[in-house]
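1. I would like to see how this sequence folds:
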Amino acid sequence: MGNPVQRILIIEDDLKIAALLQDYFIASGYLVEQIHDGRSGLESVRRSTPDLLLLDLMLPELDGISVCQEIRKFSQLPIIMLTARVEEVDRLLGLEVGADDYVCKPFSPREVVARAKIHLRHSTLKSAPENRFYIEKAEQRILVDGSALALTPVEFRLLSELVSHPSRVFSRQHLLDIAHEDQRDINDRTIDSHIKNIRKKIQSKLPEPDCLNSVYGVGYRFEMPAS
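-> Numbering: from 1, shown residues only. Sure thing, here's the model as predicted:
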């Protein structure tokens, strides 16, 4: 079984820089998406968390600091910030922005890819030892102890989000936004039905105490089962 292809999101309003970075990351074997304003980038991360984010500091609609701070409220994905002003780095380091790294323009695309690989490797190693759930994003499937769950597309999106952030509590509304991107389903109790079905499928592979826990009045969280 090969490793899943990792996804890089680039939020950068300079189209030439975004295209250059995309070319280098694709050449290194990554899936890449470009977004050119902060607000759309933030919504994209809310819908589907990438493996790593390259985030420009100066963006239209919503600046990079605000985007980073909002993302840190719900995700710990690796974030590398891009800035055209060297003097900004000291200021950024003094703020609780939440980025993992900073790169000043002009930069070498090879250096950015190299730094990204380091952060992706660290991110993978942090969760690998205890992880009995394995997400294959490219194949849109989740393995439990090496056995694939028979998930619908909606169930895959929900469980992928929960497994990617163990112990984090997600509201029903947040999970509903992930489940139905077109917002056609406005009843957040629909999530309860999806979770019930996912639980049954997990228990068919892993007959242990439930790892999908309900949080009264809020939503659900995933607890990684012991190895």
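2. pLDDT weak spots in the chain?
-> Of all residues in the chain, those with pLDDT under 70 make up the ranges 1-4, 86-96, 123-131, 181-188, 208, 226-227.
3. Tell me which stretches of it form strands.
-> 7-11, 31-35, 52-56, 79-83, 101-104, 133-136, 141-144, 147-148, 170-171, 212-215, 219-222 (DSSP state E).
4. What ranges does the protein have for its helices?
-> Using DSSP state H, the helices of the chain run over 15-27, 38-47, 64-71, 86-94, 109-127, 153-164, 172-179, 190-205.
5. which ones are touching the residue at minimal distance from the centre of the chain?
-> In the chain, the C-alpha nearest the mean C-alpha coordinate belongs to Thr49, at 2.3 Å (Cα atoms, centre = their mean). Contact analysis of Thr49 by Cβ atoms under 8 Å, 6 or more residues apart in numbering lists 75, 77, 161, 164-165. Placement of C-beta: from N, CA and C, glycine included.
6. So which of the strands of the chain is the most surrounded?
-> strand 52-56 (a mean of 25; mean count of other Cβ atoms under 10 Å).
7. related to what we said a few turns ago, between the strands of the chain, which gets nearest to Ala179?
-> In terms of Cβ to Cβ, the element of the strands of the chain nearest to Ala179 is strand 170-171, at 11.1 Å.
8. packing partners for that closest one?
-> With contacts taken as 3 or more Cβ pairs under 8 Å, 6 or more residues apart in numbering; DSSP states H and E, strand 170-171 sits against strand 219-222.
9. coming back round to it: is it possible to get a markdown table of the helices of the chain that adds mean neighbour count?
-> A markdown table is the format used below for these (neighbours: other Cβ atoms under 10 Å):
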| stretch | mean neighbour count |
| --- | --- |
| helix 15-27 | 16 |
| helix 38-47 | 18 |
| helix 64-71 | 20 |
| helix 86-94 | 12 |
| helix 109-127 | 14 |
| helix 153-164 | 20 |
| helix 172-179 | 19 |
| helix 190-205 | 16 |
